[in-house]
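Enquirer: Need a 3D model of the sequence below.
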Amino acid sequence: MKALILAGGSGTRLWPLSRKNYPKQFLKLNGDMSLLQQTVQRLLGAISPEDIIVMTNNDYKFHVISDINSLPLPLPVSNIILEPACRNTAPAIALGVLYCIEKLGCTENEVICVLPSDHVIRPDEEFRGYLLKAEKIAKDGHIVTFGIKPQRPETGYGYIKVRNQKGTVPDLRTPSGVVESGLSPYQKDRTQNFSKVERFVEKPDKETAKQYLEDGSYYWNSGMFAFTIGGIIEEFRNHLPEMAEIFEKNFDEAAAGFSNLPDISIDYAVMEKSERMAMLPIELFWSDIGSWDSLFDLLDKDERGNVKTGDIVSVDTKNTLIIGDNRLISTVGIEDCLIVETEDAVLIVKRGHSQRVREVIKKLEQAKRKEVAEHVTTYRPWGSYTVLEEGSRYKIKRIAVNPDARLSLQKHLHRSEHWVVVKGTAKVTIGDKEIFIHENESVYVPKSTLHRLENPGKVPLEIIEVQNGEYVGEDDIVRIDDEYGR
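Expert: Sure thing, here's the model as predicted:
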């Protein structure tokens, strides 16, 4: 079985922590691992690292590489597929299937499970058992969707309505009749039933969601699927033939024409039309963290029902989420609120209204505010930089360079730069000269002069950079040599 992780989303429902340039799949919201890293770890044990593929876009390439390289058992970097253009889940999955056929040598009988990269599911071991069940159901000719039994009348999720007709997951025993070694009790369990899907339902209003909850035949749509390669290709040909044309090309040709594929979700393209859909209910904890309300429900709370992260002083505060960054946050007499502070933005929402953050995003986009896309801290393959202050004709940054990393050989046409080392040792190229500068030493980089900053040491390098010039935008950069292929 292969796994295809979709990690190209730019969701902003967790703004201001999640931004377009650094979305929630890379955030560490519930532990020491990002949501993407948790997704990979969840699969290991049922699927080997070389059989896990991550699909993302060029903007997130180095975020994905950094995340998977930090895992105890990293994935092959070659298994990162860069989507050539922003498209929806149907073309992404089609390209991923073609990759499995051409690059991994998969046959039509191979099962692929598709998972979003930004969900929280636990326990991992139990989920791996459901994956094996889904594999068996898919090999029996079904396209499997994973359903979650609703716990509340949720309006932020799509729903799946199932028929009464049920099937049983095929036996997990080997042909000799012996239970496969190494399987947990969850994975050996053969009693789980699946149901035929009657229809997919869009996100309902509150009253309709209450009816679904009472009905009992509706499940939350988790956005996870499993199918054989032959099965999904046949469904593309039946329901979206223009998408199926991708399978007549080689991978490089398909990638080159990716932007011409229909911009449509896999739900609309196939799942809502297919007669082969089977729903496997998974009875474990699941959340897509689609809002601040859902994150509040996920995290541990203190004796007054509060979630507090950062430098927080609260008085008479109840049932409130407070996430701080650098500043002290004090609350008095607050109840049922969601408060999120970053270096450049503060969000305050009444609990139950966090889905309306999208209205804030819309207003920011209309005003062309950079806070929609950018954090004050921007991550690069070599490290990161934080804008400390910016004004007319100047910008001040704190730059952190990872050990043994270096920036591109570059020049700027409209600004000069002053660098002061505050931690570590820097190797600096300016023109045809190379020098080393240490803590409390500085160097000047004139306009239009080729230069490069490197960290030859074993500890992170930190410098303060002061830019001066008529234009200090990030696009004033001419790269001459760059090992990251930018």
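
Enquirer: Quick check: bridge partners of I5?
Expert: Taking DSSP bridges as the rule, I5 bridges to V54, L115.

Enquirer: Run a quick check on it versus D51, I expect a contact.
Expert: No: contact between I5 and D51 fails when scored by C-beta atoms under 8 Å: they sit 11.4 Å apart. Where you see a C-beta, it was placed from the backbone N, CA and C, and this is true even at glycine.

Enquirer: tally of neighbours for P446?
Expert: 13 (other C-beta atoms under 10 Å).

Enquirer: now it, nearest residue through space, not along the chain?
Expert: Closest residue to P446 apart from its sequence neighbours, by C-beta to C-beta, 6 or more residues apart in numbering: S416 at 5.3 Å.

Enquirer: can you count the residues close to the residue lying closest to R237 once chain neighbours are set aside?
Expert: Closest residue to R237 apart from its sequence neighbours, by C-beta to C-beta, 6+ apart: A244 at 4.2 Å. A244 has 17 neighbours, counted by other C-beta under 10 Å.

Enquirer: Could you look up the SS state of A244?
Expert: Following DSSP: H, G, I helix; E, B strand; the rest coil, we place A244 in the helix state.

Enquirer: Quick check: it vs I232, distance?
Expert: 10 Å (C-beta to C-beta, to the nearest Å).

Enquirer: Before we go further, D293 is sitting in a helix, right?
Expert: Yes: assessed with three-state DSSP, D293 lies in a helix.

Enquirer: In contact with the closest residue to it other than its chain neighbours, which residues?
Expert: Among residues not flanking D293 along the chain, S354 sits closest, at 4.5 Å (C-beta to C-beta, 6+ apart). Counting by C-beta atoms under 8 Å, 6 or more residues apart in numbering, S354 touches R13, S291, W292, D293, L338.

Enquirer: tally of neighbours for the second one?
Expert: By the measure other C-beta under 10 Å, the count of residues near S291 is 23.

Enquirer: I5 and D51: which is more packed in?
Expert: Under the neighbour definition other C-beta under 10 Å, I5 and D51 were set side by side, and I5 has more, 28 against 19.

Enquirer: Pull out the buried residues from stretch 27-38.
Expert: L27, L29, N30, M33, S34, L35, L36, Q37, Q38 (16 or more other C-beta atoms under 10 Å).

Enquirer: what about that stretch, average pLDDT?
Expert: Mean pLDDT, stretch 27-38: 92.

Enquirer: What is the end-to-end distance of that stretch?
Expert: Using C-alpha to C-alpha, to the nearest Å, the end-to-end distance of stretch 27-38 comes to 11 Å.

Enquirer: what about it, distance to the chain center?
Expert: 10 Å (C-alpha atoms, centre = their mean, to the nearest Å).

Enquirer: got a list of contacts for that stretch?
Expert: 5, 7, 14, 17-18, 24-26, 41, 54, 64, 67-68, 70-71, 117-120, 289, 295, 298-299.
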